[in-house]
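# With the input below, show me the fold.
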Amino acid sequence: MAIWFRAPRVELAPFIESFWFAHDDVARPHALERILPTGSAQLIVNLFEDETRAYDPEAIGRCESTPGTILAGVRSRFGIIDTAEQQSVAGVCFRPGGAYPFFDAPAHEVANADVPLESLWGVQHTSILRERLLAASTADAKLDVLERTFLEAFVRDRLHRAVVYALTAFRHVPHTTTIARVTNAVGLSPKRFIERFKTEVGVTPKTFCRIRRFQRALRAAHAGARVDWSDVALSCGYFDQAHFIHDFREFSGITPTLYQAARTEHRNHVKFLQSNNQPV
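You can find the predicted model right below:
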């Protein structure tokens, strides 16, 4: 599979991490993968087929189909995707809180869900985006379409200054022990701060910090073939190994050891294994 990435223009850079397009000339198998929570949302446009299939982690035989252009909201638990949908797909990776300036819906209302873009932007606007992407003949041209679209949709100054401050603080020290300190610094009551943060980011400050700490652990684990999970837990600020394993299972649905066995080249994509530990 070939993948193209583009960093956004300076005015979009605080909100968008990258625009991307992926294409594979060979049909991809219908293999399932876990998608792990990152603390950020993504826009995904399936250009091969106008469909997105979402599988219930508790009952894999249950599959819900939605249109192929979706906003994948911030997740606080893993999701399951069909890799066949990755044959030709374009998308936008938002930074934490970065989707809020482009969509009217509160971020917590689209959390843990694949929301059809047409329900946020309307059928006509969504159809135009998809048609322009399909008509673009090169990867760079498709990235141009995405960039122009989000420049037009951008609403300045939508993020509350308290949320901007908190996200910066949590990025540097993503531990839940900093939440009280940040709350005291932003000039809002704890209740008001949590409500504002959920509206713009999609989850509470505590959950966001736990997800970011989980991501630190994944980065450490993904850096090498052999992993000392005790060292990873300690370096990422977990109280003890039991606390680390509890959080890891809550966000990924698997143990750290099974993650190591099933991981792919992308740290947040994991082969979906059934209870007999065989790939689906």
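# Contact partners for the closest residue to residue 16 other than its chain neighbours?
Sequence neighbours aside, residue 8 is the residue nearest to residue 16 in space, at 4.3 Å (criterion: CB to CB, 6 or more residues apart in numbering). Bear in mind the C-beta positions are built from the backbone N, C-alpha and C, glycine included. Neighbouring residues of residue 8 by CB atoms under 8 Å, 6 or more residues apart in numbering: 15, 16, 17, 18, 19, 147, 150.
# what helix or strand does residue 127 sit in?
For residue 127, the element it lies in under DSSP states H and E is helix 123-135.
# Give the rounded mean pLDDT of that helix.
For helix 123-135, mean pLDDT is 97.
# Let's see that helix as CSV, backbone CA atoms only.
Extracted in CSV, the C-alpha atoms of helix 123-135 (Å, rounded to 0.1, in the frame of the first residue of the first chain):
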residue,chain,number,x,y,z
VAL,A,123,-25.7,15.8,1.8
GLN,A,124,-24.7,18.3,-0.9
HIS,A,125,-21.5,19.5,0.7
THR,A,126,-20.5,15.9,1.5
SER,A,127,-21.2,14.8,-2.1
ILE,A,128,-19.2,17.6,-3.6
LEU,A,129,-16.2,16.7,-1.4
ARG,A,130,-16.4,13.0,-2.5
GLU,A,131,-16.9,13.9,-6.1
ARG,A,132,-13.9,16.2,-6.1
LEU,A,133,-11.7,13.6,-4.5
LEU,A,134,-12.8,11.0,-7.0
ALA,A,135,-12.1,13.4,-9.9
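# name the helices or strands packed onto it?
Judged by 3 or more CB pairs under 8 Å, 6 or more residues apart in numbering; DSSP states H and E, helix 123-135 is in contact with strand 42-46, strand 69-72, helix 118-121, helix 139-153.
# With mean neighbour count and distance to residue 244 added, can I get the ones you listed in a markdown table?
Below are the helices and strands packed on helix 123-135 laid out as a markdown table (neighbours: other CB atoms under 10 Å; distance: least, CB to CB, whole Å):
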| stretch | mean neighbour count | distance to residue 244 |
| --- | --- | --- |
| strand 42-46 | 22 | 26 |
| strand 69-72 | 24 | 26 |
| helix 118-121 | 18 | 36 |
| helix 139-153 | 17 | 37 |
